[in-house]
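Peer 1: missing the sequence, but the structure's below:
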């Protein structure tokens, strides 16, 4: 190649890297910090960058927070009852699990006995998108590539989406994909709070719909009595073509899920798309809705109608990217001569934007000291806004 061509390619890749925070190897001891650093959000929804296939455990903590949504719980500490208000971890809408061939259980690249061959995990500041690519080998020698994409729309701020792609690397057979809204969640992010009452919601209903393989969960904060509704629609793709295969729907108290079993061919891609809407009884849309005298019906109507005409992640992307482009046009700070400083300024600006976007004008909420990415300080808002910086 000519030197000027090499130089142009180098500058382009360097420029792209300055809009990303990337991790090229999995380190379990750092994963919870990386989940915070790769959080996504839009000022209304905050979502930690946990891998979609994991429930809360020693190394992973999936969580979603909604601006202004708190619960006040009593806890007994040294014989006395005290009360604490906490930002609420709402039901986990991100859960997508994989089962390979005739295995009895769903698996994960991070399961005991599995080996990660190649790993990429990054947040794209420019577009407000979280992506992973993981090639792993399970204990039976089967190699599988998982690619994920996740966003919380900066345009339609009640909406989020996931693309979960599986490529069987060295085998033919069957895979099973299960998408769940999981209501069996607590606030468990901060070790020093674990002696306190950690359960802040109870599930009111978990409903599966055959249409669009839809699943809905309605929950309520235990003491502040705010209602939350999450509704998800799905589409399934096989090697770039939409599949009309129906899902097996399952309701189980605190979980509601849709499951597909697919015959797969080595090297081909199989993608599950999940589009989600989230509403609470604190929302302006709820307060002005003609059905708000029946709060549960009203919230469920808002959540389902928000996705009318929306089935695919691609329908959200253009408006989402334009909204992010408008924000960066206003706030981006350009630094010459120091790529690390440039990247870090964008990282900090990004985390301010996903907590304090333009959508805050519709929400009666302050800015939590840890943003919408974790439970430090219980999500409290301080008079000294320097915490946000």
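Peer 2: Perfect, I can see it now. None of these values were measured; they are calculated from a predicted model.

Peer 1: for the stretch 251-389 of the chain, which spans come out with low pLDDT?
Peer 2: Counting by pLDDT under 70, the low-confidence segments of the stretch 251-389 of the chain come to 383-389.

Peer 1: need the three-state assignment for residue 273.
Peer 2: Assigned by DSSP: H, G, I helix; E, B strand; the rest coil, the conformation of residue 273 is strand.

Peer 1: now do the contacts for it.
Peer 2: Residue 273 makes contact with 161, 162, 163, 164, 234, 235, 236, 237, 312, 313, according to CB atoms under 8 Å, 6 or more residues apart in numbering. No exception for glycine: its C-beta is placed from N, CA and C like everyone else's.

Peer 1: what do you get for residue 179?
Peer 2: Contact analysis of residue 179 by CB under 8 Å, 6+ apart lists 95, 96, 164, 215, 232, 234, 257, 258, 259, 272, 274.

Peer 1: got any ranges where the stretch 51-200 of the chain has weak pLDDT?
Peer 2: Ranges of the stretch 51-200 of the chain meeting pLDDT under 70: none found.

Peer 1: one more time with 90, if that's ok
Peer 2: Applying pLDDT under 90 to the stretch 51-200 of the chain flags residues 76-79, 82, 84, 102-104, 189-197.

Peer 1: now do the strands in it.
Peer 2: 64-66, 70-77, 80-87, 96-100, 115-124, 129-137, 143-152, 159-168, 173-182 (DSSP state E, counting those that start in this stretch).

Peer 1: now, of the ones you listed, which is deepest in the fold?
Peer 2: Burial of the strands of the stretch 51-200 of the chain is given as mean neighbour count (mean count of other CB atoms under 10 Å); strand 64-66 ranks first at a mean of 27.

Peer 1: what comes up buried for the helix or strand where residue 352 lies?
Peer 2: Assigned by DSSP states H and E, residue 352 belongs to helix 339-355. Neighbour counts over helix 339-355 (16 or more other CB atoms under 10 Å) mark 342, 343, 345, 346, 347, 349, 350, 351, 353, 354, 355 as buried.

Peer 1: looking at the contacts of residue 179, which one is closest to residue 81?
Peer 2: Taking CB to CB as the measure, residue 81 lies nearest residue 95 of the contacts of residue 179, at 34.2 Å.

Peer 1: quick check: that closest one touching residue 183?
Peer 2: No. Contact criterion CB atoms under 8 Å: residue 95 and residue 183 do not qualify, at 10.8 Å.

Peer 1: quick one: the closest residue to residue 299 other than its chain neighbours from residue 70, how far?
Peer 2: Distance criterion CB to CB, 6 or more residues apart in numbering; nearest residue to residue 299, sequence neighbours excluded, is residue 229 at 4.2 Å. With distances taken as CB to CB, to the nearest Å, residue 229 is found 17 Å from residue 70.

Peer 1: ditto for residue 377
Peer 2: Separation of residue 377 from residue 70 (CB to CB): 12 Å.

Peer 1: which residues touch residue 22?
Peer 2: For residue 22, the contacting residues are 120, 121, 122, by CB under 8 Å, 6+ apart.

Peer 1: again, 10 Å this time
Peer 2: Residue 22 sits next to 38, 120, 121, 122, 123, 124, 131, 343 when contact means CB atoms under 10 Å, 6 or more residues apart in numbering.

Peer 1: what of residue 18?
Peer 2: Contact analysis of residue 18 by CB under 10 Å, 6+ apart lists 125, 126, 334, 335, 339, 340, 341, 342, 343, 344, 345, 346.

Peer 1: again, 7 Å this time
Peer 2: By CB atoms under 7 Å, 6 or more residues apart in numbering, the contact list for residue 18 reads 339, 342, 343, 346.

Peer 1: likewise residue 71?
Peer 2: For residue 71, the contacting residues are 86, 88, 200, 221, 222, 223, 224, by CB under 7 Å, 6+ apart.

Peer 1: rerun that using 8 Å as the cut-off
Peer 2: Counting by CB under 8 Å, 6+ apart, residue 71 makes contact with 85, 86, 88, 200, 201, 221, 222, 223, 224, 226.

Peer 1: who's it bridged to?
Peer 2: Beta-bridge partners for residue 71, by DSSP bridges, are residue 86.

Peer 1: residues near the closest residue to residue 292 other than its chain neighbours, how many?
Peer 2: Nearest in space to residue 292, with sequence neighbours left out and distances taken as CB to CB, 6+ apart, is residue 298 at 4.8 Å. Residue 298 has 21 neighbours, counted by other CB atoms under 10 Å.

Peer 1: mind checking which helix or strand residue 298 is in?
Peer 2: Using DSSP H and E, residue 298 sits in helix 295-306.

Peer 1: can you spell out which helices and strands pack onto the helix or strand following that helix?
Peer 2: Next in sequence after helix 295-306, counting helices and strands by DSSP H and E, comes helix 314-331. On a contact count with 3 or more CB pairs under 8 Å, 6 or more residues apart in numbering; DSSP states H and E, helix 314-331 meets strand 143-152, helix 339-355.

Peer 1: mind checking how far helix 314-331 is from the chain centre?
Peer 2: Centroid displacement of helix 314-331 relative to its chain, using CA atoms, centre = their mean, to the nearest Å, is 18 Å.
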